[in-house]
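> give me a 3D structure for the following:
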Amino acid sequence: MNARYLMTLLAGVAIGAIGLQGLHAQGAKQKAYSVSEFEILDKSAQAAYLPAARKAVEAAHGRPLRTSNGRVVQIDGAPALKNVAISEWDSLDDAVAFYKSKASTDLAPQRDKAVKTTRRYVVETEK
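The predicted model follows:
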C-alpha cells in the first residue's frame with residue numbers, strides 16, 4: 001500500500017474519531033438534583049410512604065440519596081428546615097417529568113398525610 005495513502009487514511013480515521021467524541025459530548029445531558037424541604041406530620045405515615053416514593057423515583061431513573069431522615073445543619077442564612085430529601089437525576093428534564101407524572105400524582109395522598117412540603121425544586125449541574 002502506498003505510504004501516502006496509508007497516512008491519509010489514518011489521519012481521516014483520527015479526525016473522524018475526534019469529531020465523533022465531540023458530538024457525543026455535546027449530546028450529553030447534565031445531571032440534576034431535586035431538593036424537597038419538608039416537615040414530618042406523621043412518622044408512621046412517613047415510614048410507609050418512603051419505600052413507595054423511593055421505588056417510584058428509581059423507576060423514573062432517579063437515585064434517592066436517602067437524606068430525608070438525616071441531620072440538617074444550618075451554616076448561613078435563614079434557619080434550615082429539619083428535613084430535606086435529595087435525589088439525583090440523569091437530567092433536569094427527567095426530574096421534572098417525574099414530578100409531573102402519574103406515579104408522583106398517585107403518591108400525593110400518602111405524601112400529604114406523611115409530610116408537609118415547604119419547598120421543592122430541581123437544580124441542574126454546570127457543563
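
> ok, the nearest residue to residue 126 once chain neighbours are set aside - contacts?
Using CB to CB, 6 or more residues apart in numbering and skipping residues adjacent in sequence, the residue nearest residue 126 is residue 30, 6.9 Å away. Bear in mind the C-beta positions are built from the backbone N, C-alpha and C, glycine included. Each residue near residue 30 by CB atoms under 8 Å, 6 or more residues apart in numbering is listed here: 91, 92, 124, 125, 126, 127.

> so what's the first one up against?
Put plainly, it is residue 91. For residue 91, the contact set (CB under 8 Å, 6+ apart) comprises 29, 30, 31, 32, 124.

> what is the mean pLDDT for stretch 110-118?
In this model, stretch 110-118 has a mean pLDDT of 95.

> how about that stretch: buried residues?
Using 16 or more other CB atoms under 10 Å as the test for burial, stretch 110-118 gives 110, 111, 114, 115.

> and those residues, which is closest to residue 72?
Lowest distance from residue 72 to those (CB to CB) belongs to residue 115, with 14.2 Å.

> would you agree the closest one is in contact with residue 37?
No. Using CB atoms under 8 Å, residue 115 is not in contact with residue 37, being 9.9 Å away.

> which residues are common contacts for those two?
residue 83.

> let me have the contacts of residue 91 in CSV, extended by secondary structure.
Listed next are the contacts of residue 91 as CSV, based on DSSP: H, G, I helix; E, B strand; the rest coil:
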residue, secondary structure
29, coil
30, coil
31, coil
32, strand
124, strand
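
> could I get the contacting residues of the residue positioned nearest the centre of the chain?
Nearest residue to the geometric centre of the chain (CA atoms, centre = their mean): residue 89, 1.9 Å. Neighbouring residues of residue 89 by CB under 8 Å, 6+ apart: 31, 32, 33, 34, 61, 62, 63, 95, 98, 122.

> next up, phi/psi of it, please.
Dihedral pair for residue 89: phi -130, psi 150, per degrees, to the nearest 10.
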